[in-house]
Each structure stands twice: as C-alpha cells, then as structure tokens.
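Novice: here is the input, now give the coordinates:
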Amino acid sequence: MVLARALFPNRFCSSPSSITTFHAHPLKLPHSLQLPSHSPSTQLEAQCSFSIFQCRFSTSYANPEAGFGMRISLFQEMGIGFDETQVLLLNNPDLSLLPLDSLRARILSLQSLGLDRVAMNQLVSKRPSVIAAKELEPLLSFLRYGLQGQLEQAQVTRLLSAAEPRLLVGFPHKVQLLIDRGVPVDKIVHVLNNVSLPKALCNRSLDEIGKMLSFLEPFGGVSLILKRPAILNFDLDNQLIPRVQVLRKISGGDEDGVSKVLYKFPTILSYSGEHVMGHARFLRDFAGLEDSQIFRIITVFPAIITASRERKLHPRIRFLKECGLDSAEIFKFLSKAPTFLAHSWHENIAYKLVLLVKIGYKHRTKDLATAMASTTRTSCENMQKVVSLFLNFGFSCEDIFAMSKKQPQILQYNHTSLEKKMNYLIEEMNRDIEELLVFPAFLGYNFDSRIKHRFEEKKGVRGEGMSLNKLLTVSSDTYTTGKRKKVSAIGSELK
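Specialist: Model (predicted):
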C-alpha cells in the first residue's frame, strides 16, 4: 500500500484534465525497462499513456489503491517485481481491467501445470496475453486434465510463449489426431515432450499434420515417431521428402531397405539430401563402390553419414587401399567392420595397429587389414589385456600371431571370458594350453552351453582324449542324434 500511495499520492484521475497531476511524479524505472525517451514528445506520450491507464484502473474499482496493491502482490508471486509490473500493466491495458479473481485463477492454473516462479516470470514477461486470454482456458484444462499435467515445464513454457493464443486453440485436436493415427495414449506425452510443439503442431493445420503422418506410414509410421519424435519437427516438402528420396535413389528403390535404415537410425533424416549424396559420391569415386554396396554399408552402419569425409572417411579408405585391398575387398571389410570408419585414428586405430605390429603383423598388408577388422568391436584396453593374457599363459608373440591368423576374432574377445576358458581347459579338462595353437576357435564357443556341457557329457562316454575340434564343432543336431543312437545301442546290449 505504501508503494501504491507513493505512485498515486493524492488521488486517481477521473478525466483527461487530471493528467497534469501525474507530471509532477514521473515513473523511475530500471534502465533496462525504461520507455524510449528520445524527445520531450516521446516522454509526454509515455506519461500520458500511463495516466490514461490510471484513469481506466480507477474507474474499475471502488478502492483502486487496494486493487492495485493486490495486483502487484499477485505478480510478485510469479517473481515479477514492482517496476516490471508497472511496465506490463502500462503496455497491456487488458491486464488492468481483468478482475482480480480471474487473474488469481489463471495464475493458479498455470502453477498447477508445474511452472515455477522463474518459468512464470519468463512466460508472462514474454507473452502477457497468457494471463488475460480467455481462449486459453480449454488448452490449460487439456494440459492439466487431458495430459494429467505430465508435459514438462520447459515444454509448457515454450508452448504458451511461442504463439498467439488464437493459434493454440486447436492444440488438443491436433494431439487427438496423433492418437487417432496410432500413437498410444500412454506414449503421447513422451512424443509431446520430445518435439518442438510450435513447429510440430501449433504452426501446422490438421491437414498438414495428417499428410506428414501419411508420408511416414510406409517407413514405420508411429513406430518411427515413437523412436524419434523430433521427426515431426521437419518440414514435409522441403526436408523429409527430399531426404527420403535420396535414400530411395541409392537403394535402387528398396522401400523395405529404406524403412530399416530409418528405423535403425532415424537421425539420418537430420542430414540434408546433398550431405548424404556427398558421402555416396565419395565412396563411389574414391573407394570404387557401387550404389548397391554403398546402401548395404549404410544399412549395417547408418551412422557413416555422420562421419566427416575429410577427417574420417578419406584417411581410413586410403589406409585400406595402401594395405592392398581392391574395391570388392574394401566392401567386404566395411560390411564386416563399418565402425572402423568412425573410430578415432590417434586414440583407437593407431594404438591397435601398434599392438598388431608388435605381435607380428606387417605394415600395409591384407593380413593387417583383416586383423584390424577383427579388432574394431573391442576397446584398446581390452585388446591390450588379451595380448597380455596370452603372454602370461606362456604364449609368445609369434604364437599369438599364428592363432589370430587362424581365428582373428580372438583379439576382440573379452579378456575375462578368455581367462575363464583357458583355466577350465587346463584345470578341468586336463589339456595342454598349446592345443589352442591347433584349435584357437575353442576360445570363441560359449563356456556353459557348449564347452562345459559338451565336455561333461562326453568325458564319461568317450573319455577325455577327444580332440577339441571334434568335441565342439559337431552341430547340436548331429551331437544329439549321435548321443541318442549310442544310448539306444547300449540299451540293446543290456537286454
């Protein structure tokens, strides 16, 4: 009340003739909130505008000082200070005419959506109409009850501040359209929380949204949207259609293949058609690959599109060519180990190359490239531990080289799993560790379901001398059939 009396010391004006009373008490606003004052006429216009606001405010309440003080108090609940409130009321006369009960109800409605003081301050300062616009009542009710208040605070703020109230009226109907087209009710909030609501819904008509959903239907539709809701942000004609067309072209019209790529890596739609075509041209010109081969690589590793052509693709393809690989071999390499194109050279590839050379691989050879392909799925740390493990079990670098030539995958196996199998080979199976030189594939079989199970089944029937190769390489069907025949034969002898 003291602040109100300081602003209006004697009386509120009831007619334009009272404007001169206000001239003796000019507003003192913070510099950032001061109205333009480039000329005396501008200052006079600002003062006159606020005086007119005084007149309007005074004619709306029997006790204007009390009404103004309560209004100030309500705005302070939203974290908006006294000076800022003056500017808001001056620039938005409708707020001064809004009944206090309506103002209080709207503030409570916004707070019920999870908006804190900071969010309320930012929202009302940017879009004061959210306080007064009657058109927003159905929307606020829908956010609170239809969506059960689960829309994130940041999303609510962006939604209410991004568009005029008239553009928000149809929001509930657009959400309902998504549900009608297949988005599960229990997933709709997930979708809404992960899109730009103004781009995806507010600034589009129901018809435009329907066309977007229809276009996406052959490529996964709702499943694709649920995996990456941000797809709804893209412009249909200028972004989505051209980008999908590029993938169709590279694939030779393989709709199923394009659908698999989009579902596996929907982020690919964030890259322009020219960007994707640039990667395809590079692989075609520098690596000598055909479009069908390029699309196959994209299918197994869509993230290749995110790799820089200059910093990633060029030096790695050049390495493969220096190792003597031709186009067909490069395609085979990349189909098997596509992540090679994305790994850091200095922190990953170079480190592994050093280890491979240390155990006996020669520079710029196909054997080195083959071994490199087998190590792309393991970390440098694990590969180092694998090499150290073999050395600790008495193998030389030459032995490791020989085993990896026969079974390149041994360099990528988990070192803990390898140690478990090697200990079982020695301690339980009573075998010489050097048997791995003959059959290193032993290390690739599942420990419980294959190695341990087969050994325990066989040791009582055939003895412990069976070769590792014969013990493990027989297929499960053959193994089971043979076992049944032997049991049947033993049963016949007992009769």
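Novice: low-confidence ranges, this protein, go.
Specialist: 1-68, 460-465, 475-495 (pLDDT under 70).
Novice: what's the closest non-adjacent residue to the residue sitting nearest the centre point of the chain?
Specialist: Against the mean C-alpha coordinate of the chain, by Cα atoms, centre = their mean, the closest residue is R228 at 7.2 Å. Spatial nearest neighbour of R228, chain neighbours left out: P266 (3.8 Å); criterion: Cβ to Cβ, 6 or more residues apart in numbering. The C-beta positions use only the backbone N, C-alpha and C, and glycine is treated the same way.
Novice: contacts only, for the one you found.
Specialist: Applying Cβ atoms under 8 Å, 6 or more residues apart in numbering, we find P266 in contact with L224, K227, R228, I231.
Novice: check V156 too.
Specialist: L113, G114, L115, A119, L143.
Novice: the fourth one and Q153 touch, don't they?
Specialist: Yes. The pair A119 / Q153 is scored as a contact, 5.5 Å apart, by Cβ atoms under 8 Å.
Novice: looking only at neighbour counts, state which of the two leads.
Specialist: Higher neighbour count among A119 and Q153: A119, with 21 against 13, using other Cβ atoms under 10 Å.
Novice: related to what we said a few turns ago, and of the contacts of P266, the nearest to P99?
Specialist: Nearest to P99 among the contacts of P266: I231, at 44.0 Å, using Cβ to Cβ.
Novice: do I have it right that that closest one meets S270?
Specialist: No. Taking contacts as Cβ under 8 Å, I231 lies outside contact range of S270: 9.1 Å.
Novice: more neighbours: which of the two?
Specialist: Comparing I231 with S270 by other Cβ under 10 Å, the one with more neighbours is I231, at 22 against 16.
Novice: from S223, how far out is that one?
Specialist: Applying Cβ to Cβ, to the nearest Å, the value for I231 to S223 is 11 Å.
Novice: contacts for stretch 334-348?
Specialist: 296-297, 300-301, 303-304, 306-307, 312-313, 315-316, 333, 349, 372-374, 376-377, 380.
Novice: try stretch 300-316
Specialist: 261, 264-265, 267-268, 271, 275-276, 278-279, 282-283, 286, 297-298, 334-335, 338-342, 345, 349.
Novice: same check, this time on stretch 360-378
Specialist: Under Cβ under 8 Å, 6+ apart, the answer for stretch 360-378 is 319-320, 322-325, 329, 333, 336-337, 339-340, 343, 349, 352-353, 356-357, 383, 386, 397-398, 400-401, 404-405, 408-409, 411-413.
Novice: now V183. Its backbone dihedrals?
Specialist: Main-chain torsions, V183, degrees, to the nearest 10: phi -70, psi 120.
Novice: quick one: it from I294, how far?
Specialist: V183 is 34 Å from I294, by Cβ to Cβ.
Novice: then L443?
Specialist: L443 sits 35 Å away from I294 when distances are taken as Cβ to Cβ.
Novice: please apply the same query to L224.
Specialist: L224 sits 23 Å away from I294, going by Cβ to Cβ.
Novice: likewise for G81?
Specialist: From G81 to I294 the distance is 60 Å (Cβ to Cβ).
Novice: so which of these two has more stuff around it?
Specialist: I294 (22 against 14).
Novice: how far off centre is the helix or strand that one falls within?
Specialist: Assessed by DSSP states H and E, I294 sits inside helix 291-300. Computed by Cα atoms, centre = their mean, to the nearest Å, the chain-centroid distance of helix 291-300 equals 23 Å.
Novice: what about dumping the CA coordinates of it to PDB?
Specialist: Provided in PDB are the C-alpha atoms of helix 291-300 (Å, rounded to 0.1, in the frame of the first residue of the first chain):
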ATOM      1  CA  ASP A 291      25.400 -47.800 -55.100                       C
ATOM      2  CA  SER A 292      24.100 -51.200 -54.000                       C
ATOM      3  CA  GLN A 293      27.200 -51.700 -52.000                       C
ATOM      4  CA  ILE A 294      27.100 -48.200 -50.500                       C
ATOM      5  CA  PHE A 295      23.500 -48.800 -49.400                       C
ATOM      6  CA  ARG A 296      24.500 -52.100 -47.900                       C
ATOM      7  CA  ILE A 297      27.100 -50.300 -45.800                       C
ATOM      8  CA  ILE A 298      24.500 -47.600 -44.800                       C
ATOM      9  CA  THR A 299      22.100 -50.400 -43.800                       C
ATOM     10  CA  VAL A 300      24.600 -52.100 -41.400                       C
END
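Novice: give the next helix or strand downstream of it.
Specialist: According to DSSP H and E, the helix or strand after helix 291-300 is helix 314-322.
Novice: from the middle of its chain, how far away would that following helix be?
Specialist: That offset, for helix 314-322, works out to 31 Å (Cα atoms, centre = their mean).
Novice: could you do stretch 437-444 as well?
Specialist: That offset, for stretch 437-444, works out to 41 Å (Cα atoms, centre = their mean).
Novice: buried residues, that stretch. List them.
Specialist: Neighbour counts over stretch 437-444 (16 or more other Cβ atoms under 10 Å) mark F439, P440, A441, F442, L443 as buried.
Novice: just the closest of these to T473, please.
Specialist: Taking Cβ to Cβ as the measure, T473 lies nearest A441 of those, at 7.8 Å.
Novice: the nearest residue to the closest one once chain neighbours are set aside: neighbour count?
Specialist: Of all residues not flanking A441 in the chain, Q407 sits nearest, at 5.1 Å (Cβ to Cβ, 6+ apart). Q407: 18 surrounding residues under other Cβ under 10 Å.
Novice: next up, the contacts around Q407.
Specialist: P440, A441, L443, G444.
Novice: among these, which one lies nearest to N238?
Specialist: Of all these, N238 sits closest to G444, with 49.8 Å by Cβ to Cβ.
Novice: residues in contact with that closest one?
Specialist: G444 touches Q407, Q409, I410, Y413, counting by Cβ under 8 Å, 6+ apart.
Novice: measure it to F331 for me?
Specialist: 25 Å.
Novice: follow-up on the earlier one: for PyMOL, write a command that selects the buried ones of the contacts of stretch 300-316.
Specialist: Entered in PyMOL, the line below selects the buried ones among the contacts of stretch 300-316, by 16+ other Cβ under 10 Å:
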select buried, resi 261+264+265+268+276+279+282+283+297+298+334+338+339+340+341+342+349
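Novice: output stretch 358-374 as PDB, nothing but the C-alphas.
Specialist: C-alpha atoms of stretch 358-374 as PDB (Å, rounded to 0.1, in the frame of the first residue of the first chain):
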ATOM      1  CA  LYS A 358      54.200 -55.900 -32.200                       C
ATOM      2  CA  ILE A 359      52.800 -59.500 -32.400                       C
ATOM      3  CA  GLY A 360      54.000 -59.900 -35.900                       C
ATOM      4  CA  TYR A 361      51.700 -58.300 -38.500                       C
ATOM      5  CA  LYS A 362      53.500 -56.400 -41.300                       C
ATOM      6  CA  HIS A 363      52.700 -52.900 -42.400                       C
ATOM      7  CA  ARG A 364      50.500 -52.300 -45.500                       C
ATOM      8  CA  THR A 365      49.400 -56.000 -45.800                       C
ATOM      9  CA  LYS A 366      46.000 -57.600 -46.300                       C
ATOM     10  CA  ASP A 367      46.600 -59.700 -43.200                       C
ATOM     11  CA  LEU A 368      47.000 -56.400 -41.200                       C
ATOM     12  CA  ALA A 369      43.700 -55.100 -42.600                       C
ATOM     13  CA  THR A 370      41.900 -58.400 -41.800                       C
ATOM     14  CA  ALA A 371      43.200 -58.300 -38.200                       C
ATOM     15  CA  MET A 372      42.200 -54.600 -38.000                       C
ATOM     16  CA  ALA A 373      38.700 -55.500 -39.000                       C
ATOM     17  CA  SER A 374      38.500 -58.100 -36.200                       C
END
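Novice: lovely, talk soon.
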